[in-house]
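Engineer: coords below, sequence missing:
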């Protein structure tokens, strides 16, 4: 008594419809509003004037200049700095998490679970509080410098507050779990027998790493880099608190345009540019992954 | 071969590998210590097919891994010719392994899997390709070079694993339960094929298995292990006919095992009486009157044919008759209460008289069919 094909299909559509509509509504509508706003003229006290106004983008990209909003290279510089810091953040997270993932995957099961719990533990505390804690550590009279002072190393005490280094430390701290979890999943799947097989066939540990470990954990590396890079690129809490006005990133620039400067269309245009950059980045990653997968040649 | 260790006996001269007093202990999760290897002495001879046979947990895989270099010994040593292998990493040992799970690289094609050892060894491309093709032809996989391991059947993966190891022309090929993942028919075909392959390539094979039939079919010599110790090392026929102790007798083939005492000594043979009072006659000049012995009789050495010769006999009653295809296993309770199994060849259409449960039978045997082993003192 097997139900006919057609009713099953309709039942599937019926079951998926609410979630699909909800996602479309909550995702596409706000995106549409942002896209529309980015082509409108700013209102005097916030909000928008409903007239076509293409110069929001020109202010960043240096396209045709209008009379009102002038091209300012500072925004391109902020975008590039954001790209650079997000790349560094992803790289540092990778270097820290890759060996750690191997270490944890070799632990006995109870300690493994404890460690995975510890990795997710920071999510239980509010992000802003955790970043404030870093301010207490990094500021000139903070814990770090006090500790160095006590050890008689005052000469080496760095002034990290409101530097790119502080922003990178903060971003790495916040995003580390996002790198660790996909890496761990890939490393855990790696069959130790493959490493023995490689050694058995005469490969030194380094060659085994390059020819077996790296290719087989590449999906985890790629996944971790993507989900660290994207939030690092758009983050506004960390640069606002640890970078201040000296290390403006695109995230807190957008925040400022919406809140302090009350220029919603320009904020929307910056957000659309961030979105476009990430789409290009993702597309490149997807193409690379697609090309690498079907035929890995040595 | 310049590795001729001057020593007693010619067997030592053509030995490839010597294992002396190998000890390996592991900590159990409960905090105890288990001895996986409790002092193993073994030599692997050049060009032989040697099987390490034993139940799971007997230490055979630990020994194989110690030879491959994945496991360090706590005590004892392994010598390749005269060179001690302790401290030599797996990647510098001239051995290759066929893993139980095959451990094929999932991201590489069949050809790249097979060529892996040659690639890391820096073999020139042209020679590498020729040898890969040769190895794949040897195991009957020509034409599948571009497949990924996932696109192969279990039997084909097994052959890739074999080709990947053989292509490097190792001094010694280690095979860890190589046929255990295959179904029965394929396994039996591969047993014969592995043996033929070993003959053709002229490489020493060391196989670990828990399957006694597999060991009997393939091996030149079998090393039977239990609880981290070697029980007996010898050719299959010797192990089968003259097991060293009760464990070997019970583990390999079917056997009737009884415990008894030597009651009289007559030159090359002895009279024995089992605990239950059954009297038997067997060769065993090395035993003295009063010795405790284990008595082994293979079922096929017991005859139920009333017309069989004039040898000694045992009277009993048929308990059950089990048909297993080629043979019938006839379980008999002797008058003294011992259980014996006799084998009767199945002949289609022939009605065997008197083999119904409950029928009285007279079992005859030849004394040479009985094997005596040292028993535990009473």
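Structural biologist: The structure has been received and is ready for your questions. Since the model is a prediction, treat every value here as computed from it, not as a measurement.
Engineer: Please name the residues that touch residue A:179.
Structural biologist: Each residue near residue A:179 by Cβ atoms under 8 Å, 6 or more residues apart in numbering or on different chains is listed here: A:90, A:93, A:94, A:96, A:97, A:224, A:225, A:227, A:228. Where you see a C-beta, it was placed from the backbone N, CA and C, and this is true even at glycine.
Engineer: Residue numbers of the stretch 51-200 of chain A in contact with chain B?
Structural biologist: Taking Cβ under 8 Å from any Cβ of the partner chain as the criterion, the stretch 51-200 of chain A approaches chain B at residues A:191, A:193, A:194, A:196, A:197, A:198, A:199, A:200.
Engineer: Check which element follows the host helix or strand of the fourth one along the chain.
Structural biologist: Using DSSP states H and E, residue A:196 falls within helix A:192-200. Per DSSP H and E, helix A:192-200 leads on to helix A:205-208 as the next helix or strand towards the C-terminus.
Engineer: so how far is residue B:204 from the closest residue to residue B:43 other than its chain neighbours?
Structural biologist: Spatial nearest neighbour of residue B:43, chain neighbours left out: residue B:15 (4.2 Å); criterion: Cβ to Cβ, 6 or more residues apart in numbering or on different chains. Distance, residue B:15 to residue B:204, by Cβ to Cβ, to the nearest Å: 10 Å.
Engineer: what touches both of these two?
Structural biologist: Here residue B:15 and residue B:204 have B:44, B:45, B:46 as joint contacts, going by Cβ under 8 Å, 6+ apart.
Engineer: name the helices or strands packed onto whatever helix or strand the first one lives in?
Structural biologist: In this structure, residue B:44 sits in strand B:33-45 according to DSSP H and E. With contacts defined as 3 or more Cβ pairs under 8 Å, 6 or more residues apart in numbering or on different chains; DSSP states H and E, the secondary structure elements packing on strand B:33-45 are strand B:15-27, helix B:60-68, strand B:75-80, strand B:204-209, strand B:221-226, strand B:229-234.
Engineer: Make a markdown table from those and add mean neighbour count to it.
Structural biologist: A markdown table is the format used below for these (neighbours: other Cβ atoms under 10 Å in any protein chain shown):
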| stretch | mean neighbour count |
| --- | --- |
| strand B:15-27 | 18 |
| helix B:60-68 | 24 |
| strand B:75-80 | 17 |
| strand B:204-209 | 24 |
| strand B:221-226 | 24 |
| strand B:229-234 | 20 |
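Engineer: Could you dump the ones you listed into TSV with mean pLDDT added?
Structural biologist: Shown next, in TSV, are these (pLDDT from 0 to 100):
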stretch	mean pLDDT
strand B:15-27	93
helix B:60-68	95
strand B:75-80	94
strand B:204-209	96
strand B:221-226	96
strand B:229-234	96
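Engineer: who wins for proximity to residue A:243 among the ones you listed?
Structural biologist: Each of those has some distance to residue A:243 by Cβ to Cβ; the shortest is strand B:15-27, at 51.1 Å.
Engineer: What strands line up against that closest one, and which way round?
Structural biologist: Using DSSP bridges, strand B:15-27 pairs in its sheet with strand B:33-45 (antiparallel), strand B:75-80 (antiparallel).
Engineer: Give me the distance between the next helix or strand after the first one and the centre of its chain.
Structural biologist: Spelled out, it's strand B:33-45. Sequence order places strand B:49-53 as the next helix or strand after strand B:33-45, per DSSP H and E. Relative to its chain's centre, strand B:49-53 lies at 5 Å (Cα atoms, centre = their mean, to the nearest Å).
Engineer: Since that was my last question, I'll sign off now.
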